[in-house]
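Student: Model the following, please.
(chains A and B)
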Amino acid sequence: KAGVTQTPRYLIKTRGQQVTLSCSPISGHRSVSWYQQTPGQGLQFLFEYFSETQRNKGNFPGRFSGRQFSNSRSEMNVSTLELGDSALYLCASSSQGASYEQYFGPGTRLTVT
Amino acid sequence: DAKTTQPPSMDCAEGRAANLPCNHSTISGNEYVYWYRQIHSQGPQYIIHGLKNNETNEMASLIITEDRKSSTLILPHATLRDTAVYYCIVRHTTNTGNQFYFGTGTSLTVIP
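Tutor: Alright, predicted model coming up:
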């Protein structure tokens, strides 16, 4: 079974621009979560999607948004980029059930200049 | 929301058992404890999880205290490739979904 894939792996953007990151979950997984990882704040939860609906959202400004498609693929968008948005963005997928193991992708390294 | 506390760093001699503690004193009765590790800013890798009973798989063992306020991840024979940051996480479940709260983790260094 193929793992979680994220594209692109690296990205450089300028302040004020917007960016869209993509995540393809493991086949059969319907839940996708996004995380931001920075040296100062560690791993922080952004949001979780299930069956095209956002179920949970972390404490991030409205510039951070996401969506999920009918094939469970997910995208996240960051508008009006700031220097502080430079981070590793991680996507994780999981099947449903009580154990709810999350499997992470390799991440997208975003650098804002 | 249940949060976790871990020592920031630990060393372990190669071939010895690595015992990584975690405190989750505010955990609720139906919240699972998960362990992940992260190597060189790659995506975190799932290790093991449990609810009440001790668990073992091919990678590690998880010991959860009877009151569930703490747990220990055991890597039975640590190798150099086990050098990583280890996260103890409690899954917070709401009516609408789930959140994983990652703490700061324990940086484990396996020494030759």
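
Student: so where is chain B shaky, pLDDT-wise?
Tutor: Low-confidence segments of chain B (pLDDT under 70): B:1-2.

Student: do chain A as well
Tutor: Low-confidence segments of chain A (pLDDT under 70): A:1, A:97-99.

Student: where does it come near chain B, residue by residue?
Tutor: By CB under 8 Å from any CB of the partner chain, the residues of chain A that approach chain B are A:4, A:31, A:33, A:35, A:37, A:42-45, A:48, A:50, A:55-56, A:58, A:88, A:90, A:92, A:98-107. From N, CA and C alone the C-beta is placed, and that goes for glycine too.

Student: Spatially nearest residue to the residue sitting nearest the centre point of chain A (excluding sequence neighbours)?
Tutor: Geometric centre of chain A, nearest residue: residue A:34, 3.2 Å, by CA atoms, centre = their mean. Using CB to CB, 6 or more residues apart in numbering or on different chains and skipping residues adjacent in sequence, the residue nearest residue A:34 is residue A:46, 4.1 Å away.

Student: residue contacts, residue 77?
Tutor: As the question left the chain open, I've gone with chain A. For residue A:77, the contact set (CB atoms under 8 Å, 6 or more residues apart in numbering or on different chains) comprises A:18, A:19, A:20, A:21, A:64, A:65, A:66.

Student: should've been chain B
Tutor: B:15, B:16, B:17.

Student: in chain B, which spans are strands?
Tutor: Assigned by DSSP state E, the strands in chain B fall at B:9-13, B:18-23, B:33-38, B:45-50, B:55-56, B:61-64, B:70-75, B:84-93, B:98-102, B:106-111.

Student: no wait, chain A
Tutor: For chain A, strands defined by DSSP E occupy the ranges A:5-7, A:10-13, A:19-24, A:31-38, A:42-50, A:53-57, A:64-68, A:74-78, A:87-94, A:103-104, A:108-112.

Student: Nice, that's everything, thank you.
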